[in-house]
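In: Kindly return the folded structure for what I paste below:
(chains A and B)
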Protein chains: 2
Amino acid sequence: MTDSQFPPSFEGPTCSLPLPHGEQVVMGHGSGGRLTSDLIQRVFLPAFANPALLAGNDFASLNLPEAGNLVGALAISTDSHIITPLFFPGGDIGRLAVCGTVNDISMSGANPLYLTAGFILEEGLAIDILQKVAVSMQAAAVEAGITIIAGDTKVVEHGKGDGLFITTTGIGWIPPNRQIGGQMAQPGDVVLISGTLGDHGIAVLAARGELGFETAIHSDTAPLNHLIQAVLEVAPNTHVLRDPTRGGLATTLNEIAHQSQVSIWLEETKIPVKPAVHAACEMLGFDPLYIANEGKVIVILPAAEADAALLAMRNLPYGLDAAQIGEVKADSPGRVLLKTPIGGTRILDVLAGEILPRIC
Amino acid sequence: MTDSQFPPSFEGPTCSLPLPHGEQVVMGHGSGGRLTSDLIQRVFLPAFANPALLAGNDFASLNLPEAGNLVGALAISTDSHIITPLFFPGGDIGRLAVCGTVNDISMSGANPLYLTAGFILEEGLAIDILQKVAVSMQAAAVEAGITIIAGDTKVVEHGKGDGLFITTTGIGWIPPNRQIGGQMAQPGDVVLISGTLGDHGIAVLAARGELGFETAIHSDTAPLNHLIQAVLEVAPNTHVLRDPTRGGLATTLNEIAHQSQVSIWLEETKIPVKPAVHAACEMLGFDPLYIANEGKVIVILPAAEADAALLAMRNLPYGLDAAQIGEVKADSPGRVLLKTPIGGTRILDVLAGEILPRIC
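Out: Predicted coordinates:
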């Protein structure tokens, strides 16, 4: 990697639109979809203009100019976490914060090593909640094999925060000659997903009591670094790794299609969705392809390595439901298309606004 | 640096006390003083137990185990910024966020290289405020010579945040054989300060309209990396660098006295304080030695290198008022003592609670 290849972790495609809701921040600016992308285009990219902020990955890879004969590169990623409620079936804000950043780092093909955490506490937060979150963070860190090496704590007045926000930054190491990123998808590649879609979003919605019925769905929040290393061992020519978090599979694939200037064709019948998630989405009018996941990875790679990668994932607890769901083509660059069971084709666009705020 | 020397950026001495205000977070937990330290001791250190979190610096230095024959180490630091108001004489939350992290990285003797930023926006925040803050961040980054390489944006509902919180994480490079940290102060060393104390805290208080009178005091918010490199060129045996932010000079020196198991003796008449800051503190009943600074550095080094370091600082715009203010002794380890103009000696303890919340 060279300095001119710095990729940003500012997410989203690079189209620039007028802000449709006027000149104030709205909830949709946090959706991970078109409004988020627009805010980044309008505000952050012009201000921070540098080569690092143009490629559109969730990690930055960078050199150490003073480190002499260093072979390889650093991977860095940061994420703020504002989820409500703080605890939900399958996870909590602490596990989410650690896993989210471990995963973003891992999407570069890096081995995540270290994590920092900045805590913004609201006056009145129960100390035992904070303790539970810290213990959960450490458990996730141990599972991922990383170390939490630095932190900061700030307190805001009651009513000026919401219990607990956590911003994590991860540092990893990309071995030499590893070229993975959203701009690397090639026509002829196939698209894999490591498991079922929509579990996290629906589990959080259920924990808020917003479903209106009982469900046993658990968030999929998990560190994927071991699964990804297993994939890369058997599929060293993997082109793209990305986790479909905010905006879901559809929005994430749109980012990749745009970055690589290819089209991505999905087969709806092959996309794994748990029956309970499907049922909840039907009732609520949601599409599981737009719901956030926190323990899934999209793998795009040459067809010749697909079976080995699928087998490697299915041998691991977080990859049991891994599936091949689509392919990459040269025509209609920037588009994501879904082949439906009845033989139709539907364009999957970027998530426009916000369907599930405070989800990660 | 070895793995067993990982220092934490969790601030504060390592005494453990019962939480005096019960089992809820109070504003004083964000003071940078005794309550902050206690929260870290009670909650974070037990959970994240690892060698990285025991030395008590504002940066972590770490190796890259896979990087082969790398000579030197990474420096990492993180800080969340929650200041109110967002704009104040001499700075704003953006300049503060960049400078605060640049400075924490620089306190390791590292050259800061890269910065990440996580934004937590409150619904309803004016976009032009966000733009002004982003432009200010970039100006500070350019001044420091660093690159903002990754970011994340989240939005919380109106009333669940306070306009804008920014968490920055910095990455720097520590050249080989540089051994700087709070545990390195030696009896016989002298203590320098790069300029006047209390400017930031009083400027922010004035911007809140809480002074009750007009003042022309500006925050000292500034990146100190160039000044520190100038010091290290002429004073290569510098033992400690630390910026007296939350808790002020007195609290920061207590941390160092505790880490190094030495006493630090200050001469009150030699400590530079602007007359307007002194006057404001007199009226409000504050001690400028406990007020936060955002552009000052404490330098502790062998007496033989002190004059050269002072001259190097005074030649630079952020070091014009640099002064030698005290010395390090072996007796009364852990104590900070102030010699008053009338010949008395006063113990300067750690800041207990919170005198200026939302200051950084």
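In: how close does residue A:60 get to residue A:244?
Out: Residue A:60 sits 20 Å away from residue A:244, going by C-beta to C-beta, to the nearest Å. For every residue, glycine as well, the C-beta is placed using N, CA and C.
In: which residue ranges form the helices in chain A?
Out: A:34-39, A:45-47, A:93-106, A:127-144, A:199-207, A:225-234, A:248-260, A:275-284, A:306-314 (DSSP state H).
In: Any chance of the ones you listed in a markdown table with mean neighbour count as columns?
Out: Below are the helices of chain A laid out as a markdown table (neighbours: other C-beta atoms under 10 Å in any protein chain shown):
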| stretch | mean neighbour count |
| --- | --- |
| helix A:34-39 | 24 |
| helix A:45-47 | 18 |
| helix A:93-106 | 30 |
| helix A:127-144 | 20 |
| helix A:199-207 | 26 |
| helix A:225-234 | 21 |
| helix A:248-260 | 26 |
| helix A:275-284 | 16 |
| helix A:306-314 | 19 |
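In: Near chain B, which residues of the stretch 201-350 of chain A are found?
Out: Taking C-beta under 8 Å from any C-beta of the partner chain as the criterion, chain B has no neighbours within the stretch 201-350 of chain A.
In: Nearest to chain B within the stretch 201-350 of chain A, name that residue for me.
Out: Relative to chain B, the nearest point of the stretch 201-350 of chain A is residue A:246 (9.1 Å; C-beta to the nearest C-beta).
In: In space, what's closest to that residue - neighbours in sequence excluded?
Out: Leaving aside its sequence neighbours, residue A:246 sits nearest to residue A:32 (C-beta to C-beta, 6 or more residues apart in numbering or on different chains; 2.6 Å).
In: and that neighbour, backbone torsions?
Out: phi 80, psi 0 (degrees, to the nearest 10).
In: Would you map out the domains in chain A?
Out: A:55-174, A:182-347 (automatic domain parsing).
In: Of the helices of chain A, which is nearest residue A:170?
Out: Closest to residue A:170 of the helices of chain A, according to C-beta to C-beta: helix A:93-106, at 4.0 Å.
In: helices and strands around the closest one, which ones?
Out: When contacts are defined as 3 or more C-beta pairs under 8 Å, 6 or more residues apart in numbering or on different chains; DSSP states H and E, helix A:93-106 packs onto strand A:73-81, strand A:111-122, helix A:127-144, strand A:164-174, helix A:225-234.
In: any idea of the angle the shortest one forms with strand B:111-122?
Out: Taking axes from the mean of the first three to the mean of the last three C-alpha atoms, to 10 degrees, strand A:73-81 and strand B:111-122 form an angle of 20 degrees between their directions.
In: Turn the helices and strands packed on helix A:93-106 into CSV, columns for distance to residue A:186 and mean pLDDT.
Out: Output for the helices and strands packed on helix A:93-106, formatted as CSV (distance: least, C-beta to C-beta, whole Å; pLDDT from 0 to 100):
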stretch, distance to residue A:186, mean pLDDT
strand A:73-81, 22, 92
strand A:111-122, 25, 95
helix A:127-144, 30, 96
strand A:164-174, 20, 95
helix A:225-234, 17, 98
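In: starting at the chain centroid, how far to the helix or strand of chain A with the lowest mean pLDDT?
Out: None of the helices or strands of chain A scores lower by mean pLDDT, DSSP states H and E than strand A:60-62, at a mean of 74. The chain centroid and the centroid of strand A:60-62 are separated by 17 Å, computed with C-alpha atoms, centre = their mean, to the nearest Å.
In: hmm, that strand touching chain B?
Out: Yes - using C-beta under 8 Å from any C-beta, we find that strand A:60-62 touches chain B at A:60, A:62.
In: Just checking: what are the partner strands of that strand?
Out: Paired with strand A:60-62 in the same sheet, following DSSP bridges, are strand A:73-81 (antiparallel).
In: Pull up the gap between the closest residue to chain B within the stretch 101-250 of chain A and residue A:137, please.
Out: Nearest to chain B in the stretch 101-250 of chain A, going by C-beta to the nearest C-beta, is residue A:155, at a distance of 3.2 Å. Using C-beta to C-beta, one gets 19 Å for the distance from residue A:155 to residue A:137.
In: how many other residues sit next to residue A:333?
Out: 13 (other C-beta atoms under 10 Å in any protein chain shown).
In: phi, psi of it?
Out: Torsion angles, degrees, to the nearest 10, at residue A:333: phi -60, psi 140.
In: Let me see the confidence value for it.
Out: Residue A:333 is assigned 97 on the pLDDT scale.
In: The residue nearest to residue A:88 when sequence neighbours are not counted: what's it in contact with?
Out: Computed as C-beta to C-beta, 6+ apart, the closest residue to residue A:88 that is not its neighbour in sequence is residue A:207, at 3.8 Å. Applying C-beta atoms under 8 Å, 6 or more residues apart in numbering or on different chains, we find residue A:207 in contact with A:85, A:87-89.
In: Pick out whichever of these sits closest to residue B:186.
Out: Checking those one by one against residue B:186 (C-beta to C-beta), the nearest turns out to be residue A:87, at 48.1 Å.
In: need the contact list for the closest one.
Out: Per C-beta under 8 Å, 6+ apart, neighbours of residue A:87: A:93, A:132, A:207.
In: for it, which residues make a bridge with it?
Out: residue A:92.
In: Same check on residue A:324?
Out: As for beta bridges, residue A:324 partners with residue A:192 under DSSP bridges.
In: measure residue A:173 to residue B:62 for me?
Out: 11 Å.
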